[in-house]
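Asker: Compute the structure for the input listed below.
(one chain, ligands or ions: 1)
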Amino acid sequence: MPMVVELVVAMLACVRIGAVHSIVFAGFSAESLCERILDSQCSLLITADGFYRGDKLINLKVIADDALQKCRDKSFPVQRCIMLKHLSKVVEAIPLSSQSPPAKRPCPDLQQEKQKDRVKKIRPVPQVPWNPEVDQCWLSLLSGVSEECEPEWCDSEDPLFILYTSGSTGKPKGVLHTIGGYMLYVATTFKLVFDYHPDDVYWCTADIGWITGHSYITYGPLANGATSVLFEGLPTYPDVSRMWEIVDKYQVTKFYTAPTAIRLLMKYGTEPVQKYKRDSLKVLGTVGEPINPEAWQWYYSVVGEKRCPVVDTFWQTETGGHVLTPLPAATPMKPGSATFPFFGVVPAILNESGEELEGPSEGYLVFKQPWPGVMRTVYGNHQRFETTYFEQFPGYYVTGDGCRRDKDGYYWITGRIDDMLNVSGHLLSTAEVESALVEHEAVVEAAVVSRPHPVKGESLYCFVTLTDGVSFSRTLEAQLKKQVREKIGAIATPDFIQNAPGLPKTRSGKIMRRVLRKIARNEQDLGDVSTLADSSVIELLFQNRCCGAM
Ligand code: 7RM
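Answerer: Below you'll find the model as predicted:
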């Protein structure tokens, strides 16, 4: 669903009746949605007709139908789909054309609404395919329903929700959170990390499709009775002042966003920010990826005018809520550091052999004991939960992030050290993108690595080895990008695709991604390449590099 209040209503309605929700970000493809429906064995899908991303119409219902058809093809028919008419409420409804197949009729009350509500037509409305056997309208379901609904009484360890996150093997993991611990943890971190007071107006710009939206738009703020801004839109639409305009309009006091958004807005200078007063702001938060000191300084000095503490909150889908974070005005800040652990969280830094490092050091960030908000299992695959997080270093929870501790004990996240990529604060697995690429008949092998990007943090650089006889072309490049977008979603669209007649491999056949990362960044010093089976591929790969600014 788009970022509409009904999304929060739907989440809370599930909780009320003891149902488990699994939200899928509206930017995902039908394929990704289908995969998640199958894995969670979901019984009901809730969606909307569509939404606008800037000027671009996203036909959610079409994507949802496509996903449900894919599920049917895999013998998993989902019986019900509830559709919220979102766009047709604000713009004139267009009747379905007579060419539509007879089985598909418009949402029953769409026509009526058209008569009632002839609003000025601003943008075209999606034509929604309609299958009366499965589809139901959100609004028609609401009419005639009692306003009372006894809550289902649950155990504190009963599941609250499943949220899928990329896994390094390629298949997304259904991270499962339970009711008691998660609620306690997000309510407490929200209150202390944002120094919440009842007169605050809080705004988190994340999408509810990600964990930040779950914990710090829905559950944390609402458990505190907080007043929030719920924003459906883009930080740059209709112009790059949009965020600050909204801050002034609603007198936002606590503001929470991602480094990628800060870097994006930074490009346009201070003028679009200074057009607005922003004097209501008290605390600025950041999350999603390491924040570079320049972006931190800009956020602190330009946006907050050095009045507002910046809380750089490190956490994961798996941790439920903040685990390393400053407390505003109490913790002395260092730009780029998530500072110290939250109460009850005990971090450690390990070396390759799993030994705990003391004092200033750098290595694997792990946690030594659980806290209330930690995930309980990977849905349907407890073994995978154990292997992913507890096998490499027995007795520790492994975050997958590298980390440095300085002489003052501050923690600095250095980024992922597994096969994961962080594009605009969203985690993607290289394996997932690679398998989408090799599904194309022209590709026999693919290797995906990260390359630094000025706004997105990281971008996807893909090496593809083509089937014999196929030559590399712009058309093929475009097809491959489209293929990844359709298989995974727009966030996974590759930035670069390079023809790789051969890939650097070890004698045992493992692709040397370390070498590919250097080629993608045009770094000539490759380090130790003695294990390379055929070193002649390297020169060729350097010659064929895709250029473009980093
Ligand atoms: C909340 C969220 C988790 C990964 C995590 C890190 C990176 C998140 C920070 C950060 C440095 C931060 N959940 N990450 N916050 N890195 N500083 N403040 O993003 O599951 O989608 O991603 O994001 O690599 O492991 S997530």
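
Asker: rest of the way, CA atoms for contacts and neighbours
Answerer: Will do.

Asker: Burial check on Lys70, number of neighbours?
Answerer: When neighbours are defined as other Cα atoms under 10 Å, Lys70 has 19 of them.

Asker: After the host helix or strand of it, which helix or strand is next?
Answerer: Using DSSP states H and E, Lys70 maps to helix 60-73. Later in the chain than helix 60-73, the nearest helix or strand by DSSP H and E is strand 80-84.

Asker: Can you tell me what sits against that next one?
Answerer: 43-49, 61, 134-139 (Cα atoms under 8 Å, 6 or more residues apart in numbering).

Asker: Mind doing that once more with 6 Å?
Answerer: 44-48, 134-138 (Cα atoms under 6 Å, 6 or more residues apart in numbering).

Asker: Quick check: phi and psi on Ile511?
Answerer: Main-chain dihedrals, Ile511, degrees, to the nearest 10: phi -70, psi 130.

Asker: With Pro159 instead?
Answerer: phi -70, psi 140.

Asker: Do a quick rundown of the helices in the stretch 51-200 of the chain.
Answerer: Assigned by DSSP state H, counting those that start in this stretch, the helices in the stretch 51-200 of the chain fall at 60-73, 87-90, 110-116, 138-142, 179-193.

Asker: And the ones you listed: which comes nearest the ligand?
Answerer: helix 179-193 (12.1 Å; Cα to the nearest ligand atom).

Asker: From the contact counts, what lies against that closest one?
Answerer: Helices and strands touching helix 179-193, as assessed by 3 or more Cα pairs under 6 Å, 6 or more residues apart in numbering; DSSP states H and E, comprise helix 220-223.

Asker: Please give the centre-to-centre distance between the helix it packs on and its chain.
Answerer: 20 Å (Cα atoms, centre = their mean, to the nearest Å).

Asker: What average pLDDT does it get?
Answerer: Here helix 220-223 scores 98 as its mean pLDDT.

Asker: Could I get the buried residue list for it?
Answerer: 220-221 (16 or more other Cα atoms under 10 Å).

Asker: Point out the residues in the stretch 401-550 of the chain that sit beside the ligand.
Answerer: 401, 413, 415-416, 425-427 (Cα under 6 Å from any ligand atom).

Asker: Which ChimeraX command selects the buried ones in those?
Answerer: Under the burial definition 16+ other Cα under 10 Å, those of these that qualify are selected in ChimeraX by:
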select :401,413,416,425,426,427
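
Asker: got the CA coordinates for stretch 479-494 in PDB?
Answerer: Extracted in PDB, the C-alpha atoms of stretch 479-494 (Å, rounded to 0.1, in the frame of the first residue of the first chain):
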ATOM      1  CA  GLN A 479      16.700  -5.400 -21.300                       C
ATOM      2  CA  LEU A 480      18.900  -6.600 -18.400                       C
ATOM      3  CA  LYS A 481      18.100  -3.500 -16.300                       C
ATOM      4  CA  LYS A 482      14.400  -4.000 -17.000                       C
ATOM      5  CA  GLN A 483      14.700  -7.700 -16.100                       C
ATOM      6  CA  VAL A 484      16.100  -6.900 -12.700                       C
ATOM      7  CA  ARG A 485      13.600  -4.200 -12.100                       C
ATOM      8  CA  GLU A 486      10.700  -6.600 -12.900                       C
ATOM      9  CA  LYS A 487      12.100  -9.500 -10.900                       C
ATOM     10  CA  ILE A 488      13.000  -7.500  -7.800                       C
ATOM     11  CA  GLY A 489      11.800  -3.900  -8.000                       C
ATOM     12  CA  ALA A 490      13.000  -0.500  -9.000                       C
ATOM     13  CA  ILE A 491      15.400  -0.100  -6.000                       C
ATOM     14  CA  ALA A 492      17.400  -3.000  -7.400                       C
ATOM     15  CA  THR A 493      17.900  -1.500 -10.900                       C
ATOM     16  CA  PRO A 494      21.600  -1.800 -11.900                       C
END
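
Asker: which residues touch the helix holding Lys70?
Answerer: With Cα under 6 Å, 6+ apart as the criterion, helix 60-73 contacts 30, 34, 49-50.

Asker: can you put those residues in TSV and add secondary structure and neighbour count?
Answerer: Below are those laid out as TSV (DSSP: H, G, I helix; E, B strand; the rest coil; neighbours: other Cα atoms under 10 Å):
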residue	secondary structure	neighbour count
Ala30	helix	25
Cys34	helix	23
Asp49	coil	25
Gly50	coil	26
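
Asker: of all those, which comes closest to Thr377?
Answerer: Cys34 (21.3 Å; Cα to Cα).

Asker: that older thread, quick check, nearest of the contacts of helix 60-73 to Cys204?
Answerer: Gly50 (22.3 Å).

Asker: Spatially, and excluding backbone neighbours, which residue is closest to the residue in the stretch 1-150 of the chain that the ligand sits nearest to.
Answerer: The ligand sits closest to Phe25 of the stretch 1-150 of the chain, with a gap of 11.9 Å, by Cα to the nearest ligand atom. In space, and not counting its chain neighbours, Phe25 is closest to Gly209: 4.0 Å by Cα to Cα, 6 or more residues apart in numbering.

Asker: any idea whether the one you found is helix, strand or coil?
Answerer: coil (DSSP: H, G, I helix; E, B strand; the rest coil).

Asker: what about Asp155, neighbour count?
Answerer: Using other Cα under 10 Å: Asp155 sits among 10 other residues.

Asker: Find me the pLDDT at it, would you?
Answerer: At Asp155, pLDDT is 98.

Asker: one step back: any chance of the contacts of helix 60-73 in JSON lines with pLDDT and distance to Glu391 as columns?
Answerer: Output for the contacts of helix 60-73, formatted as JSON lines (pLDDT from 0 to 100; distance: Cα to Cα, whole Å):
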{"residue": "Ala30", "pLDDT": "96", "distance to Glu391": "33"}
{"residue": "Cys34", "pLDDT": "97", "distance to Glu391": "30"}
{"residue": "Asp49", "pLDDT": "95", "distance to Glu391": "44"}
{"residue": "Gly50", "pLDDT": "95", "distance to Glu391": "43"}
